[in-house]
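Chemist: the amino acid sequence is not available; the structure is as follows:
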């Protein structure tokens, strides 16, 4: 058994030394790239094999390891070839290669769309919270003779980087980033989804784009209520104490979009726009009876002939027309969604407590309600904080009632084996530690102790021979005392064994084993 144990231990040590030697002599591998797609991993592995670079693949193919001394050199070589390229995502490098002579316009447009999608995906991936992004653009063809043109739209799929949610500001930033990179694309036409299928941003179309959808309206309503509730609780906790205020808010919010136009005329603001003047004069003369009409009678300042008489008349007419412009005010008003129609706030406030101790040290709590004046002051604070408006029917109620903060110390009734289920892991750990400790004591410590206090048969025979030699010589030297004593001094025994007489006795016993055995049997018989 000792030989087998020694062989096993030696074999284990040799294997351990060989393993350590191999690990120490093998080159240290460092990550070249991590979080790679399967397409990129395959392409990079092929390139490394062609370059003659030793590499290893880890993390299910998403990580490639090379020698630490080759990391920078290999990265520069792969970057020159456009790797990693995020799998099938391509950017404007698709136009780096010379196109064939017969390439159609359709192929060029498709390549342009692919390049634009790839560049947008790479830009979104640069955000710290985004691990990967896929962008799909729908850019309709422009028709010259079509009146209603179809607007472009986009959809984005995000893979998050160890996060469960994307903040609203980042989602809005991604929408505006995409809309700014595509001509004619509006932020409301961008739909964003994460890798779990959860809708992060809705691409509204038609009437929904102008108003607020039902899900967004509900979310907006909840956010307004939570904001008001948090504001009221934080403000009142500074006065009544932390944990002694509970507020609930109900907000009636209108999500109707209203367009109104109005025109107002001001009669006092008249301005003369145009003035028109016209003048008309009419002159006429009538001759007497028998008068002759001739050229002479029609000349100016002509004198009638003798014996002729006449009657002359003249009419003049003047008209003036003034056009006034009355001042007019045209108002076009659009009422956006999210208008608060009514607020109802309920606040529950805890009272005060007078704590006293009796002779035995038992505490007694006495509830003291708050006064009406304090409640009215708290109500005034709440009204001011929420922007109270009595005309729209806002309501605020502040109620003082004692809070139930007493903890029930009665433990729940447990089953017979409930403690075993609850403490099973701790029990297993304790049992394993105990087994390891027992094995260590039995297999390591106990053999060492036994070997330390063990006297081999050779030492016993040498001691007996030395005793016999001492008795024959009359020296009175005996080992019976030390051997029979409760305490054994190993140093003394070792010094005696190493002495010259003892060595001679050992030689004598080795040369005459039969006589030595006979002497020992005689001693045992006499002792019995």
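Modeler: Ah, there it is. Quantities reported herein were computed from a predicted structural model and do not represent experimental measurements.
Chemist: ok, which stretches of the stretch 201-350 of the chain are strands?
Modeler: Counting by DSSP state E, counting those that start in this stretch, the stretch 201-350 of the chain has strands at residues 245-254, 258-287, 310-335, 339-349.
Chemist: now find how far off-centre the shortest one is within its chain.
Modeler: Same thing as strand 245-254. Taking the mean of its C-alpha atoms, strand 245-254 sits 29 Å from the chain's own mean (CA atoms, centre = their mean, to the nearest Å).
Chemist: could you do stretch 267-277 as well?
Modeler: Distance, stretch centre to chain centre, for stretch 267-277: 68 Å (CA atoms, centre = their mean).
Chemist: buried set for it?
Modeler: Using 16 or more other CB atoms under 10 Å as the test for burial, stretch 267-277 gives no buried residues. (Glycine included, C-beta is placed from N, CA and C.)
Chemist: let me have the strands of the stretch 201-350 of the chain in TSV, extended by distance to residue 81.
Modeler: TSV is the format used below for the strands of the stretch 201-350 of the chain (distance: least, CB to CB, whole Å):
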stretch	distance to residue 81
strand 245-254	57
strand 258-287	58
strand 310-335	55
strand 339-349	58
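Chemist: okay if I get the ones you listed as a markdown table plus distance to residue 28 and mean pLDDT?
Modeler: Shown next, in a markdown table, are those (distance: least, CB to CB, whole Å; pLDDT from 0 to 100):
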| stretch | distance to residue 28 | mean pLDDT |
| --- | --- | --- |
| strand 245-254 | 60 | 90 |
| strand 258-287 | 70 | 76 |
| strand 310-335 | 67 | 76 |
| strand 339-349 | 64 | 91 |
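Chemist: ok, which of the ones you listed comes nearest residue 201?
Modeler: Taking CB to CB, strand 245-254 is the member of the strands of the stretch 201-350 of the chain nearest to residue 201, at 21.3 Å.
Chemist: between the closest one and strand 310-335, how many degrees?
Modeler: Interaxial angle of strand 245-254 relative to strand 310-335 (axes from the mean of the first three to the mean of the last three CA atoms, to 10 degrees): 140 degrees.
Chemist: rewinding a little: which of the strands of the stretch 201-350 of the chain sits closest to residue 70?
Modeler: Nearest to residue 70, of all the strands of the stretch 201-350 of the chain, is strand 245-254, at 62.3 Å by CB to CB.
Chemist: circling back: now for the strands of the stretch 201-350 of the chain, which one comes closest to residue 176?
Modeler: strand 310-335 (22.2 Å).
Chemist: gap between the closest one and the chain center?
Modeler: 73 Å.
Chemist: show me what it packs onto, helices and strands only.
Modeler: In terms of contacts (3 or more CB pairs under 8 Å, 6 or more residues apart in numbering; DSSP states H and E), strand 310-335 is packed against strand 258-287.
Chemist: neighbouring strands of the strand it packs on in the sheet, and parallel or not?
Modeler: Here strand 258-287 has these sheet partners by DSSP bridges: strand 310-335 (antiparallel).
Chemist: would you mind naming the residues that bridge with residue 272?
Modeler: Listed by DSSP bridges, the beta-bridge partners for residue 272 are residue 324.
Chemist: do you know how far it is from residue 329?
Modeler: According to CB to CB, to the nearest Å, residue 272 stands 20 Å off from residue 329.
Chemist: got it, and residue 314?
Modeler: Taking CB to CB as the measure, residue 314 falls 51 Å from residue 329.
Chemist: repeat for residue 111
Modeler: 55 Å.
Chemist: which one's more surrounded, those two?
Modeler: More neighbours surround residue 111 than the other of residue 111 and residue 329, with 16 against 10 (other CB atoms under 10 Å).
Chemist: show the subsequent helix or strand relative to the host helix or strand of that one.
Modeler: In this structure, residue 111 sits in helix 105-125 according to DSSP states H and E. Downstream of helix 105-125, the first helix or strand assigned by DSSP H and E is strand 130-138.
Chemist: sheet-wise, list the partners of that following strand with their directions.
Modeler: Partners of strand 130-138 in the sheet, by DSSP bridges, are strand 153-160 (antiparallel).
Chemist: quick one: mean pLDDT over the partner strand.
Modeler: Strand 153-160 shows a mean pLDDT of 89.
Chemist: got it, and stretch 363-375?
Modeler: Mean per-residue pLDDT for stretch 363-375: 88.
Chemist: ends of that stretch, what's the gap?
Modeler: Start-to-end span of stretch 363-375 (CA to CA, to the nearest Å) is 28 Å.
Chemist: list the contacts of it.
Modeler: Among residues not part of stretch 363-375, those counted as contacts by CB atoms under 8 Å, 6 or more residues apart in numbering are 349, 351-358, 398, 400, 402.
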